[in-house]
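[1] Quick one, fold the following:
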Amino acid sequence: MINKAFFYFLSAALIAASLALGNWLQEFFALSVPGSVIGLLILFIGLVSGIVKPHWVQPSASLLIKYMILLFIPISTGLMIHYQILIDNALAIVVSTVLGTLFVLCILSLTLDKLLNEDR
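    Residues are numbered from 1 along each chain as shown. Just a heads-up that it's a prediction; the model follows:
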């Protein structure tokens with residue numbers, strides 16, 4: 001039991017440390033990218049490079065994914081609170097979502113087509 005709790009604590013500490021480092025870097029360099037995204041990239045680079053082993057972060061990561069729906073409650077509440085702002089900007093939101101999706105779809109299809117034609 002103590003051993004399992006230690007691994008949960010260790011994995012949560014690694015995730016929290018990458019988040020804290022990302023927040024610090026964002027604040028120190030006054031970056032426009034959120035610190036949580038920078039922390040996620042730090043954790044990703046650590047995992048890809050092998051500095052951080054996947055089984056080190058797996059216990060807390062699995063727990064967070066299991067209960068992820070609870071993390072959307074504050075977002076949903078914020079949407080309900082700012083409902084009028086969303087309605088006032090609905091056209092811009094819908095247009096940017098549709099155009100952004102089409103842009104990404106076109107770029108990905110052109111890239112994939114180019115990569116597949118190189119193999120022939």
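
[2] ok, residue 88 to residue 17 distance?
    To residue 17, residue 88 is 41 Å away according to CB to CB, to the nearest Å. In this view, the C-beta of every residue, glycine as well, is placed from N, C-alpha and C.

[3] List the buried residues for stretch 41-58?
    In terms of neighbour count (16 or more other CB atoms under 10 Å), stretch 41-58 has its buried residues at 42, 43, 46, 52, 56, 57.

[4] ok, for the first one, nearest residue in space, not its chain neighbours?
    What sits nearest to residue 42 in space, not counting adjacent residues and going by CB to CB, 6 or more residues apart in numbering, is residue 18, at 4.7 Å.

[5] next one: the last one
    With CB to CB, 6+ apart as the measure, residue 11 is the residue that lies nearest to residue 57, at 4.7 Å, once sequence neighbours are left out.

[6] What separation is there between the one you found and residue 43?
    Per CB to CB, residue 11 is found 11 Å from residue 43.

[7] Quickly list what's touching both of these two.
    Shared contacts of residue 11 and residue 43, defined by CB atoms under 8 Å, 6 or more residues apart in numbering, are found at residue 57.

[8] Now do residue 92, the pLDDT please.
    As summarised for this prediction, residue 92 has a pLDDT of 96.

[9] That should have said residue 2, apologies.
    The per-residue pLDDT reported for residue 2 equals 81.

[10] sorry, back to before: ok, now which ones touch the residue nearest to residue 42?
    Residues in contact with residue 18 (CB under 8 Å, 6+ apart) are 39, 40, 42, 43, 46.
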